[in-house]
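**Student:** when you get a sec, could you give me coordinates for this:
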Amino acid sequence: MQITEHVTAAAHVVAVEGQLDSNTSSQLEDVLCARMQAQAAVIVDLNRVPYVSSAGLRVLLKAAKIGRGAAHSLVLAGLAPRVLEVFEMSGFSSIFRIEPDLAAAEASLA
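**Tutor:** Residues are numbered from 1 along each chain as shown. Below you'll find the model as predicted:
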């Protein structure tokens, strides 16, 4: 898994590429939890993530809890249909703000 970051006018963007599973989730956890504590708005771009396991869901949930505690926003963007299905089946789609792409995620924070 690869993680890249950049800053837009609306948010700090954490772009993830590759599978988000038990082998890779700790890498995202370190980055995302730190950003959620320090940034008012974070977008996680999952456009290049074909698979999210329960370990990946746990990391995203932990980041959301950190953000809520600090009154910071977390938006997920670009979920592949298969990944979105996992979020819907697990009930996580009601927990997260999910947008179809990065542009929509940025607009949702404006």
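
**Student:** now the residue nearest the centre of the chain. Its backbone dihedrals?
**Tutor:** Closest to where the C-alpha atoms of the chain average out (Cα atoms, centre = their mean) is residue 44, at 3.4 Å. Main-chain torsions, residue 44, degrees, to the nearest 10: phi -100, psi 110.

**Student:** in contact with it: list those residues for me.
**Tutor:** For residue 44, the contacting residues are 13, 14, 15, 16, 32, 60, 63, 74, 75, 76, 77, by Cβ atoms under 8 Å, 6 or more residues apart in numbering. Placement of C-beta: from N, CA and C, glycine included.

**Student:** can you pull up the bridge partners for it?
**Tutor:** Here residue 44 shows beta-bridge partners residue 14, residue 76, assigned using DSSP bridges.

**Student:** can you map out the helices along this structure?
**Tutor:** 25-38, 54-69, 81-90, 102-108 (DSSP state H).

**Student:** dump those helices into JSON lines; add mean pLDDT as well.
**Tutor:** JSON lines is the format used below for these (pLDDT from 0 to 100):
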{"stretch": "helix 25-38", "mean pLDDT": "95"}
{"stretch": "helix 54-69", "mean pLDDT": "94"}
{"stretch": "helix 81-90", "mean pLDDT": "96"}
{"stretch": "helix 102-108", "mean pLDDT": "97"}
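
**Student:** out of these, flag the one nearest residue 1.
**Tutor:** Among the helices of the chain, the nearest to residue 1 by Cβ to Cβ is helix 25-38 (6.1 Å).

**Student:** how about the contacts made by residue 2?
**Tutor:** 16, 17, 18.

**Student:** what's the nearest residue to residue 21 if we skip its chain neighbours?
**Tutor:** residue 53 (4.1 Å; Cβ to Cβ, 6 or more residues apart in numbering).

**Student:** hmm, back to that, mark which of the contacts of residue 2 are buried, thanks.
**Tutor:** Neighbour counting by 16 or more other Cβ atoms under 10 Å classes residue 16 among the contacts of residue 2 as buried.

**Student:** mind putting the contacts of residue 2 into a markdown table with pLDDT?
**Tutor:** Putting these into a markdown table (pLDDT from 0 to 100) gives the following:
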| residue | pLDDT |
| --- | --- |
| 16 | 98 |
| 17 | 98 |
| 18 | 98 |
